Every structure is written in structure tokens, then in C-alpha cells.
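**Student:** Output the structure for:
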Amino acid sequence: MTEHEDSTPHVAHGEKLQKVLARLGLASRRDVESWITAGRVKVNGSVATLGQRVDSHDAISVDGRLLKREEAAESVRRVLIYNKPDGEICTRDDPEGRPTVFDRLPRPKDGRWINIGRLDINTTGLLLFTTDGELANRLMHPSYEMDREYAVRVRGEVDDEMIERLKTGVMLEDGPARFTDIQQAPGGEGFNHWYHCVVMEGRNREVRRLWESQGLVVSRLKRVRFGPVFLTSDLPMGRWREMSQSEVDILSEEVGLKPVALPEMRAKTKEKLDRMQRKVAKPIPRGDRRVRVLRSAAEAEVPASGSKRRDERDTPASRRGTPVADRPADVRRGRGKPAETSGSGDKAGRKPSPKPRGEVPVKNGRRPATGRGQGPKRSQ
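**Tutor:** Residues are numbered from 1 along each chain as shown. As a prediction, the model looks like this:
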């Protein structure tokens, strides 16, 4: 080494390509990495490599299309909460023409919606979408331990030994799996029993397969919580709402991201979104449901009568989510072609069932103890 050569180590400038594309909202970081490996991404006309760093002066193209990189677009972080009905699939385009979870969502001005995790076609409940690929990647990555809570109705006899095996761990086709917590919920008839269970991963059909490993059949499955985000009765099935600035900040902090200010929304744009909400909410896919009024985020923090506020309980995460994970209403489904409904909500031409299936009520206004770093708590 000569006296004119610098002995300091070379420092790579710029940011990793997959992080830049994920932040633009093109896809999650995991998906972008697969694009780079497949040779679909080019930087300055050359095929990109995994881990390559880029800066604001580099030209990036995906599938031959040059990307417009604006600093404002790279910092947009919006999050939607969607109450998924059954019959919808978590994909953008379906060869069979089935409805998808993206059909009802508004089109973002910058980027596109990325679903945070998936639910199978027969599973309902909470589904999150974001325009920030880095946020989506961290929320889905196992290292950040985002627990998922489900309300599940199983058919068959459940004993204490089964519960213990499911909590200790069983071997599935793709490796060992377990519930970190299981709590029985009131409701159900005969061989049907409701439980709330928690998993730490998002593996394909994991909840169903765990119960099936014990010889039981899952007849209803609904996700009611994802990390600090709860699904409440304020959001009817088939509708979505956008998270407020404070809610997005809490979610970002959970995975170690700095807060990003939401883009300002003009009054005309807000009215357009409100009209779209009303339009997509008209075809309710399962039975008749009572009319509900969407409340603001502040009002959603008010718990039902007789239940404590979440911040009044002995929990370290008192500021997160809403007071309780709502149990799903059990709606009787007719066989064959759905019957038309009258204005009163009764099925036309059919007598109401003398013995309707019951809902799964909230037990003492509490959800099972599922805080990370704490052992399961049994209800008294």
C-alpha cells in the first residue's frame, strides 16, 4: 500500500435495493427479493443483484418499466383495517374470477396496497393492508413476534390433554407448531365449542391443521387480532377503515420504525372515500346484519358497559388496540341458493328457526391473556 492510498475500509453508499422497492409500496421486501433473484429488476440498465445498494440517482426498472422515484412517494405509510368476509381470496388476480380482498379497497394515489399476511377463502376477520413494504415485511417476519388471535369453533369433544398437547406443540407436515395460548369462550351447542387461540406465525392454514391434528373439525374461523390491532364491532363485515396517525405510529413503533406523517387528504378526496365505503358495504355476503355506525378512533376506545378499559388492566401494552376482541356472531346459513331477504331482516318465504345458533359472548369483557413475554393467564 502506498502513502497515497487510503487505508480506511470502503463504506457502501446508498440503501439496499429491496428496501427501496418495498418502501415504494411495490411489494413486500420478501417478494421484491424473489423478483431480484429472478432477474426482473434492473439498475441503470444492468440486472440487479440481491443486496445491491442504490441511491436517488440510480435508474431502477421492474419488468422493463422504469420507476418514478419521488421522495414524497417513498415516505407514504398508510394502513387499512379490513373485515374480510368468507368467499374472498387474498390475491390480486384470480384465474377463476373469484372475488378478491382487493376488489373493495380504494386505489392509493402512490404505490399500491400490500396485504400483511393472508387468510384462506373460508376464514373471515381482520386483515391489514399498507402502502409501506418495509412495514409489511416487519409485521410478517417471525423475529418481531406479532401474535395472531383467532376465534375458532370446533366440532368434537375437547379434553384437557388435547389442550395441553396443542400448547406444548405437535408435529405438522411442515414442522412443529403450537398455540401460545388457548382460552375457552362461552357459547356453542352440543359438540360445537368456541375457543380463542393465539399463534406467533402466519403459516398456511396453521390454526385449522393444529385442531385437525387432534381429530377435530374447525367449522368457523375468524381472526380477531393481529399484534396490537383488534377487530371490533365498529367495522361490519366487508368494510374497511384507514388507521389514524396515532394508530399508525403505534404500529410502526412495534416493529422499530420511525413515525411517518400521513399525507394530507383534501375534503373532496375524503368525501369520495366515504362514498366508496358506503358502496362496497351494500352486498353483505353472509346473512342479515343489524345496521352499525362507524365510530371515530377516540370513541372506539370506550369499552362496553361492565368491562374495564384496556389501560385499567394490569398489562404493559395499555395503549394498544381496543378494549376487547369481539366474538363473531354465528349466522345461520341456508343450503343451496341464498334466499332473498325482506326489509325486516327475516328470510322471505321461510319461518325463522325456533332454535337459532347462539353468538359467542364476551366472557367478563376480557380477551385471553396473550401478551408477549407473559405466561398464559386463566380466567377466574
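**Student:** any weak-confidence spans in the stretch 1-150 of the chain?
**Tutor:** Judged by pLDDT under 70, the stretch 1-150 of the chain has its weakly predicted residues at 1-13, 25, 69-75.
**Student:** If we use 80, what do you get?
**Tutor:** For the stretch 1-150 of the chain, the stretches with pLDDT under 80 are 1-15, 19, 22-30, 56, 68-75, 109-111.
**Student:** show me where it has strands.
**Tutor:** Shown for the stretch 1-150 of the chain, the strands assigned by DSSP state E, counting those that start in this stretch span residues 15-16, 41-43, 46-47, 53-54, 60-62, 65-66, 79-84, 114-116, 124-130, 148-155.
**Student:** Output the contacting helices and strands for the third one.
**Tutor:** To tie it back to what came earlier, the one meant is strand 46-47. Counting contacts by 3 or more C-beta pairs under 8 Å, 6 or more residues apart in numbering; DSSP states H and E, strand 46-47 is packed against no other helix or strand. Where you see a C-beta, it was placed from the backbone N, CA and C, and this is true even at glycine.
**Student:** coming back round to it: of all the strands of the stretch 1-150 of the chain, which lies closest to residue 94?
**Tutor:** strand 114-116 (14.0 Å; C-beta to C-beta).
**Student:** strands paired with the closest one, and their directions?
**Tutor:** Strands flanking strand 114-116 in the sheet, each with its direction: strand 124-130 (antiparallel) (DSSP bridges).
**Student:** Residue 136 versus the nearest residue to residue 130 once chain neighbours are set aside, what's the distance?
**Tutor:** In space, not counting the residues next to it along the chain, residue 130 is nearest to residue 79; the distance is 4.8 Å by C-beta to C-beta, 6 or more residues apart in numbering. Distance from residue 79 to residue 136, counting by C-beta to C-beta, to the nearest Å: 9 Å.
**Student:** what residues do these two have in common as contacts?
**Tutor:** Jointly contacting residue 79 and residue 136 under the rule C-beta atoms under 8 Å, 6 or more residues apart in numbering are residue 130.
**Student:** Give me the more crowded residue out of the two.
**Tutor:** Under the criterion of other C-beta atoms under 10 Å, the comparison of residue 79 against residue 136 puts residue 136 first, with 27 against 23.
**Student:** can I get the strands of the stretch 1-150 of the chain in JSON lines with distance to residue 168?
**Tutor:** Supplementary listing: the strands of the stretch 1-150 of the chain in JSON lines, determined by distance: least, C-beta to C-beta, whole Å:
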{"stretch": "strand 15-16", "distance to residue 168": "39"}
{"stretch": "strand 41-43", "distance to residue 168": "44"}
{"stretch": "strand 46-47", "distance to residue 168": "48"}
{"stretch": "strand 53-54", "distance to residue 168": "45"}
{"stretch": "strand 60-62", "distance to residue 168": "45"}
{"stretch": "strand 65-66", "distance to residue 168": "50"}
{"stretch": "strand 79-84", "distance to residue 168": "31"}
{"stretch": "strand 114-116", "distance to residue 168": "29"}
{"stretch": "strand 124-130", "distance to residue 168": "26"}
{"stretch": "strand 148-155", "distance to residue 168": "18"}
